[in-house]
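> need a 3D model of the following:
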Amino acid sequence: MFSSTTEYAIRAVIYIAEHESAGPVSAGDTAAALDAPVNYLAKTLHGLVRAGLLESTRGKGGGFRLVDPADTVSLLAVASVFDRIDERPRCLLGRPLCRDDQPCAMHERWKPLAEEFAAFLRETTVADLKSPTAMSPE
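Sure, this is the predicted structure:
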């Protein structure tokens, strides 16, 4: 449902939130923990900085932190940085005029699922997905 970049972004934001008590989290540590290419993940993290979800600090001891508390950052906010997430479901068959009064063959079955997915993204926060046993890096 998401692009690879969005999947990495969500995983990275959760990892950063889990380790926020230890200070800024480096792109290298995050990439190693997620088994992600460090250059690719660094670009993804900087995209989240430009979007205002993360802040970065350069130099020794630098890294990334959430701007806002994890319990106020929705998955929709993170996913929307890299993927077009519409509140209104798009037609799975790609038809420009697919709506309740002019439905495609899949409309009635897809609409409730798409609405539930959008609600999940809107209502689920980064804090909801943090591991209860997350430990700070040593």
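> show me the helices in this structure, by range?
4-18, 27-34, 38-50, 75-82, 107-123, 126-129 (DSSP state H).
> angle of the fourth one against helix 107-123?
The directions of helix 75-82 and helix 107-123 differ by 100 degrees, with axes from the mean of the first three to the mean of the last three C-alpha atoms, to 10 degrees as the criterion.
> need the helices of the chain in TSV with mean pLDDT and distance to V67, can you?
Bear in mind the C-beta positions are built from the backbone N, C-alpha and C, glycine included. Below are the helices of the chain laid out as TSV (pLDDT from 0 to 100; distance: least, C-beta to C-beta, whole Å):
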stretch	mean pLDDT	distance to V67
helix 4-18	96	11
helix 27-34	95	16
helix 38-50	96	9
helix 75-82	95	11
helix 107-123	89	19
helix 126-129	96	12
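> out of the ones you listed, the one nearest L93 is which?
With respect to L93, and counting by C-beta to C-beta, the nearest of these is helix 107-123 at 8.8 Å.
> which helices and strands does that closest one pack with?
Contact analysis of helix 107-123 by 3 or more C-beta pairs under 8 Å, 6 or more residues apart in numbering; DSSP states H and E lists helix 75-82 as its packing neighbours.
> for the helix it packs on, packing partners?
Judged by 3+ C-beta pairs under 8 Å, 6+ apart, the packing partners of helix 75-82 are helix 4-18, helix 38-50, helix 107-123, helix 126-129.
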